[in-house]
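**Student:** Whatever this is, show me its structure:
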Amino acid sequence: MKAIIVDDNQKARKSLTEQIQRYCPNLELLGSASNIEEGKVFIEQTKPDLVFLDIEMPTGTGFDLLRQLPVIDFKVIFTTAHEKYALTAIKFSALDYLLKPIDLEELLLAVNKAKETAKENTDEEISRLKIQTLLQNLHAPPAQQQKILLNDPYGVQVIFVDDIIRLKAENNYTQFFVKDQKPLLISKPLKDYEKILPAQKFFRCHKSHLVNLSYLQRYDRREDDVLIFQDGSKVPVSRRKVDVLLERIKLE
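**Tutor:** Predicted structure coming up:
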């Protein structure tokens with residue numbers, strides 16, 4: 001895979017370059033750019049397979065760079081020193097990111113993932129869909145629903161976050177129960193989705209269950225503490241979570 005780096009910080013570019021050259025023999029690093037203007041030209045000239053893209057740069061953001069490109073036919077791994085709101089939009093869009101200083105193990109995982117997904121026939125269309133979803137979510141008005149992309153064995157599913165009724169842990173997989181469609185089994189653990197789904201809506205009522213309280217119809221003590229949802233499903237609630245749940249319901 002041909003790769004480039006777009007980052008305004010010289011030390012960050014040098015460090016990432018050294019890591020790639022030393023530990024990623026299957027990546028051909030074509031060079032780097034220090035701002036979005038240089039990055040745009042470099043991408044159009046070299047047509048890379050993978051771009052390590054800094055989020056915050058003096059003349060704009062990595063997102064601004066993506067908006068300027070007529071075609072996005074490459075993988076993106078975002079790099080940033082800031083744990084900020086933008087990372088949620090990145091995660092919603094099933095894209096990868098690395099926090100600076102970049103951990104070698106995380107780098108290798110992200111690169112291996114990019115290499116594996118590059119083998120898919122629908123790779124270009126999926127990459128475009130992920131970037132489009134990211135850009136939409138970044139600037140969606142508060143009243144507009146956000147979308148989340150879920151990788152399945154055949155591609156990606158685009159789901160409105162507000163349509164998710166509940167999630168259930170299945171070992172290292174997560175089963176999604178979504179309004180008006182069949183359940184989806186996704187190869188990520190429940191804890192990953194607990195971190196990114198909005199806490200004001202979703203509640204971890206049990207070690208195996210994360211639920212959208214917007215769909216909660218009833219809390220019932222008669223059946224060993226269960227939650228009953230609008231679709232008729234029943235979910236257990238841990239005894240230690242009952243008081244928190246009741247407080248949340250009062251505030252809803």
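**Student:** I'd like the mean pLDDT over stretch 224-243, please.
**Tutor:** Averaged across stretch 224-243, pLDDT comes to 92.
**Student:** What residues sit buried inside that stretch?
**Tutor:** Of all the residues in stretch 224-243, those buried under the rule 16 or more other CB atoms under 10 Å are Asp225, Val226, Leu227, Ile228, Phe229, Ser233, Val235, Pro236, Val237, Lys241. Bear in mind the C-beta positions are built from the backbone N, C-alpha and C, glycine included.
**Student:** now swap in stretch 128-144 and tell me
**Tutor:** Buried residues in stretch 128-144, counted by 16+ other CB under 10 Å: Leu129, Lys130, Ile131, Gln132, Thr133, Leu134, Leu135, Asn137, Leu138.
**Student:** which residues are contacting it?
**Tutor:** Stretch 128-144 is contacted from outside by 63, 66-67, 72-73, 76, 86, 89-90, 92-95, 146-147, 149, 156, 158, using CB atoms under 8 Å, 6 or more residues apart in numbering.
**Student:** the helices in the stretch 51-200 of the chain, which residues?
**Tutor:** Using DSSP state H, counting those that start in this stretch, the helices found in the stretch 51-200 of the chain span residues 62-68, 85-92, 104-117, 123-138, 190-196.
**Student:** Outline the domain layout of the chain.
**Tutor:** Annotated domains of the chain cover 2-137, 160-251 [automatic domain parsing].
**Student:** secondary structure class for the residue lying farthest from the centre of the chain?
**Tutor:** Most distant residue from the mean C-alpha position of the chain: Arg222, 38.6 Å away (CA atoms, centre = their mean). Here Arg222 takes the coil state, with states given by DSSP: H, G, I helix; E, B strand; the rest coil.
**Student:** so where's the stretch 151-252 of the chain shaky on pLDDT?
**Tutor:** 223, 251-252 (pLDDT under 70).
**Student:** hmm, 90 instead?
**Tutor:** Along the stretch 151-252 of the chain, the model assigns pLDDT under 90 to residues 151-156, 221-225, 247-252.
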